[in-house]
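[1] coordinates for the following, if possible.
(one chain, ligands or ions: 2)
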Amino acid sequence: MIKVGIVGGTGYTGVELLRLLAAHPGVQLTAITSRKEDGMPVADMFPSLRGHVSLAFSSPDKARLNECDVVFFATPHGVAMAQAPELLAAGVKVIDLAADFRIKDPAMFDKWYGMPHSCLDLLEEAVYGLPEVNREAIRNARLIGLPGCYPTSMQLGYAPLLAQGKPLVNESMLIADCKSGVSGAGRKAEVHTLLAEAADNFKAYGVKGHRHLPETTQGLQAIAGRKIALTFVPHLVPMIRGIHSTLYAHILPEARDVDFQALYERHFEGEKFVDVMPPGSHPETRSVRASNKLRIAVHRPDGGDLLVILVVEDNLVKGAAGQGVQCMNIMFGLDETTGLTQVPVLP
Ligand SMILES: NC(=O)C1=CN([C@@H]2O[C@H](COP(=O)(O)OP(=O)(O)OC[C@H]3O[C@@H](n4cnc5c(N)ncnc54)[C@H](OP(=O)(O)O)[C@@H]3O)[C@@H](O)[C@H]2O)C=CC1
Ligand SMILES: CC(=O)N[C@@H](CCC(=O)OP(=O)(O)O)C(=O)O
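    Ligands and ions are numbered 1, 2, ... in the order given. So this is what the prediction gives:
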């Protein structure tokens, strides 16, 4: 059994990790931290876990994390990079759900996260945890920086277009119009996620610049092997879980005859967590709710030169905790789908 620790067990991605790992046949939950709730049984805070998780929270200093095989950090940015060196030195693998190990350029990290990076050698070593792009590197990694929720949808949505030897679309004018439910903002109390602010309302934010832009640009450029330019506009929508990304790309004249549906189907053939839907589909966020699936539909309105790619995922699962478990399965030589075969929840 893989001994798993979770730092930040009281947040939304932490409790999502608990939900997934409690049903994972190859895992023994060993430590779950909370700075404020030391000693409280996990199931007292989250009754949904009664009968599934018998552990109590422990404060991070008492959690004996170095006795685990792998530790997930479901914490704000900056926490994992302070603790990862000691854990790795003790032979523990680390999977960070925050952004500490996503952006490779330390100056860029400082600019967007407002803090200098404290372990540059580990930043270089860390593997970006997007299995459909980086599977082989993940297999041998001891430190994973998991992608952000929006970046997962944008990178997998654009990957088949950019992974070709020559450009098929105008790669200097990619446009991503993305919407997220409020759980993307975490469980902490903030005015903009109050019911009276977020319900019955719909707004864009971060248009001037959002920290997921440099991360996604870095990822798309790695996929393409060329420079790309992306405009990313996130929106907050009145739902709890889910991301819906509408991605636009202008087809180049020399690619007009490409069968893009077939291109996407080929690219993701055999991928257990990416579903390329039949032509004409409109995927809904609820078709992936609480599951690790990401669904994609490829459209070419009126047969013209604009591609419209629709992508849905659950921000807490494929956008965070599920993707973390997927990486863990790969790192420990398990079937990638172990513990991740949940059918989405309707309605
Ligand atoms: N929500 C989402 O959809 C996604 C989130 N992420 C990223 O995952 C991380 C967690 O997000 P989320 O679960 O939403 O956040 P929450 O705000 O819901 O939870 C944060 C958790 O971190 C703990 N924590 C806070 N500060 C510290 C600290 N200094 N040391 C140890 N533990 C600490 C808190 O526990 P306590 O106060 O009890 O100690 C809490 O359990 C973030 O970095 C986020 O950006 C990534 C993708 C998607
Ligand atoms: C709706 C909402 O607020 N979403 C968050 C992003 C989600 C996320 O957790 O991403 P990171 O891991 O990079 O922080 C935001 O836009 O800041």
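
[2] which non-adjacent residue is nearest Leu65?
    Gly5 (4.6 Å; C-beta to C-beta, 6 or more residues apart in numbering). Glycine gets a C-beta too; all of them are placed from N, C-alpha and C.

[3] sorry, slip of the keys, the one I care about is Val70.
    Spatial nearest neighbour of Val70, chain neighbours left out: Lys93 (4.3 Å); criterion: C-beta to C-beta, 6+ apart.

[4] distance check, the one you found against ligand 1.
    According to C-beta to the nearest ligand atom, to the nearest Å, Lys93 stands 18 Å off from ligand 1.

[5] distance of that residue from Pro344?
    The gap separating Lys93 from Pro344 is 29 Å, by C-beta to C-beta, to the nearest Å.

[6] what about these two, which has more around it?
    Legend: neighbour count by other C-beta atoms under 10 Å for Lys93 and Pro344, higher for Lys93 (22 against 17).

[7] pretty sure the more buried one sits against Ile138.
    No - using C-beta atoms under 8 Å, Lys93 is not in contact with Ile138, being 10.8 Å away.

[8] what's the pLDDT at the residue lying closest to Arg211 once chain neighbours are set aside?
    Once flanking residues are discounted, Arg211 sits nearest to Trp112: 4.2 Å by C-beta to C-beta, 6+ apart. Trp112 carries a pLDDT value of 97.

[9] can you give me the buried ones in the helix or strand harbouring Trp112?
    Using DSSP states H and E, Trp112 sits in helix 106-113. Residues 108-109, 112-113 are the ones in helix 106-113 that count as buried (16 or more other C-beta atoms under 10 Å).

[10] equivalent analysis for stretch 7-23, please.
    The neighbour-count check on stretch 7-23 (16+ other C-beta under 10 Å) flags 7-22 as buried.

[11] quick one: that stretch to chain centroid distance?
    The chain centre lies 14 Å from the centre of stretch 7-23; the measure is C-alpha atoms, centre = their mean, to the nearest Å.

[12] and that stretch, is it in reach of ligand 1?
    Yes - contact of stretch 7-23 with ligand 1 (C-beta under 6 Å from any ligand atom) involves 7-14.

[13] is that stretch anywhere near ligand 2?
    No - Stretch 7-23 lies apart from ligand 2 when judged by C-beta under 6 Å from any ligand atom; the minimum separation is 7.7 Å.

[14] averaged pLDDT, that stretch. What do you get?
    Regarding stretch 7-23, the rounded mean pLDDT is 97.

[15] ok so, going back, which of the buried residues of stretch 7-23 sits closest to ligand 2?
    Thr13 (7.7 Å; C-beta to the nearest ligand atom).

[16] that closest one against Pro76, yeah?
    No - checked against C-beta under 8 Å, the pair Thr13 and Pro76 is beyond contact range at 11.0 Å.

[17] give me the contact status of stretch 209-224 with ligand 1.
    No - Stretch 209-224 stays clear of ligand 1 (C-beta under 6 Å from any ligand atom), getting no nearer than 9.3 Å.

[18] what's the closest non-adjacent residue to Met108?
    Pro214 (5.3 Å).

[19] ok so that neighbour is a strand residue?
    No - if the criterion is DSSP: H, G, I helix; E, B strand; the rest coil, then Pro214 is helix and not within a strand.
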